[in-house]
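Colleague: Need a 3D model of the sequence below.
(one chain, ligands or ions: 1)
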Amino acid sequence: MKIRIFANPHDAGIYAAALAEVVVAAKSRPVLGLATGATPTVFYDALVNLHRCGLDMSPVVTVNLDEYIGLPTDHGQSYHAFMQAHLFSRTNLAPENTHVPNGMAADLAAECARYDDVIRRNPIDLQVLGIGVNGHIGFNEPDDLLLSRTHVVQLRQETVAANARFFPRMEDVPRRAITMGVQAILQAERIILMAFGEEKAEIVARAVLGDVRTDVPASILQLHRDVTVVLDLQSARLLPEGKAGSAREGY
Ligand code: PGA
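Modeller: Below you'll find the model as predicted:
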């Protein structure tokens, strides 16, 4: 894994967006795997800036990691709405090229199969990931096993608690989601894992330095050959001494 540590999330976001631009520029039909949450907003802001400075997003295909079950797409906290607000509406991405699981599907098993087909038809060139405080990637929660395909997941209590900051009342926080499985994530050509803030320091250290374990889902990224971990000083606090902004190989 390559580790890059920045003075602040803003600088880290610019770096991640620059990596995305390299991928977009290199392909005629680039596919970006995208994440939601507080972490990637700096990445989207920087990508939108690059777009305003000339980066053409019209050939880009996007495939999002996950969506809550039971929130209409126009609900302010749905991941559809998040992506519209932070990226889709601010660039020239073609709506038909953007993919997010449908958490309102009547037949959730069919929706999972449909989404796996979307992923098969659009192999991901660059997957952007955040990490949950419990180590989840997408909504692949810590467990005795990890599922490879797109699936319905019961969110863990700590995830529901973390998500509660975005909802007016605890009972409004969705308890289930559809998530891409670990196979789709690991099949991405290149991966960027982003994490910021003191509250991520412990899980980042476990994911990067610890054993590969299904109860730390992000640790499975150690098995991928092209992962860049993009951190700020706080989230990198428990990694061995290093220099901010330096590349450190060999973890
Ligand atoms: P956050 O969530 O970016 O809002 O901290 C990350 C995640 O749960 O994957």
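Colleague: The one helix or strand residue 85 maps to and the ligand, any residue contact?
Modeller: Element membership of residue 85 [criterion: DSSP states H and E] is helix 79-86. No. Legend: contact between helix 79-86 and the ligand by CB under 6 Å from any ligand atom is lacking; minimum distance shown is 10.2 Å. C-beta coordinates here come from the backbone N, C-alpha and C atoms, glycine included.
Colleague: The protein against the ligand: which residues are in contact?
Modeller: Residues of the chain that fall close to the ligand, judged by CB under 6 Å from any ligand atom: 37-39, 130-132.
Colleague: same thing but 8 Å
Modeller: 35-40, 129-133, 136-139, 159, 162-163, 194-197, 200 (CB under 8 Å from any ligand atom).
Colleague: Take those and keep only those in helices.
Modeller: 159, 162-163 (DSSP state H).
Colleague: out of the residues you listed, which one sits closest to residue 189?
Modeller: Residue 189 lies nearest to residue 159 out of these, by CB to CB, at 27.7 Å.
Colleague: what's the closest one in contact with, if anything?
Modeller: Applying CB atoms under 8 Å, 6 or more residues apart in numbering to residue 159 gives the contacts 132, 134, 136, 139, 141.
Colleague: can you give me the strands for the stretch 101-250 of the chain?
Modeller: 126-129, 151-154, 176-179, 190-195, 227-232, 247-248 (DSSP state E, counting those that start in this stretch).
Colleague: a markdown table for those strands, including mean pLDDT and distance to residue 50?
Modeller: Converted to a markdown table, these look like this (pLDDT from 0 to 100; distance: least, CB to CB, whole Å):
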| stretch | mean pLDDT | distance to residue 50 |
| --- | --- | --- |
| strand 126-129 | 98 | 14 |
| strand 151-154 | 98 | 33 |
| strand 176-179 | 98 | 28 |
| strand 190-195 | 98 | 15 |
| strand 227-232 | 98 | 16 |
| strand 247-248 | 44 | 22 |
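Colleague: Pick the most deeply packed of those strands.
Modeller: strand 126-129 (a mean of 26; mean count of other CB atoms under 10 Å).
Colleague: Outside of it itself, list whatever touches it.
Modeller: Counting by CB under 8 Å, 6+ apart, 16, 19-20, 23, 30-35, 40, 43, 65, 137-138, 185, 188-194, 218, 221 sit against strand 126-129.
Colleague: coming back round to it: now restrict the residues of the chain next to the ligand to buried residues only.
Modeller: Neighbour counting by 16 or more other CB atoms under 10 Å classes 35-37, 39-40, 129-132, 136-139, 159, 162-163, 194-197, 200 among these as buried.
Colleague: so where's this structure uncertain?
Modeller: 242-251 (pLDDT under 70).
Colleague: Quick one: the helices in it, in order.
Modeller: Going by DSSP H, the chain shows helices at 9-26, 41-52, 79-86, 108-121, 157-163, 182-186, 201-209.
Colleague: how about the third one: buried residues?
Modeller: Read it as helix 79-86. By neighbour count on 16+ other CB under 10 Å, the buried set for helix 79-86 is 79-84, 86.
Colleague: what about the residue nearest to residue 144 when sequence neighbours are not counted, how many neighbours?
Modeller: Leaving aside its sequence neighbours, residue 144 sits nearest to residue 214 (CB to CB, 6 or more residues apart in numbering; 6.2 Å). Neighbour count for residue 214, taken as other CB atoms under 10 Å: 16.
Colleague: Fine by me, we can end here.
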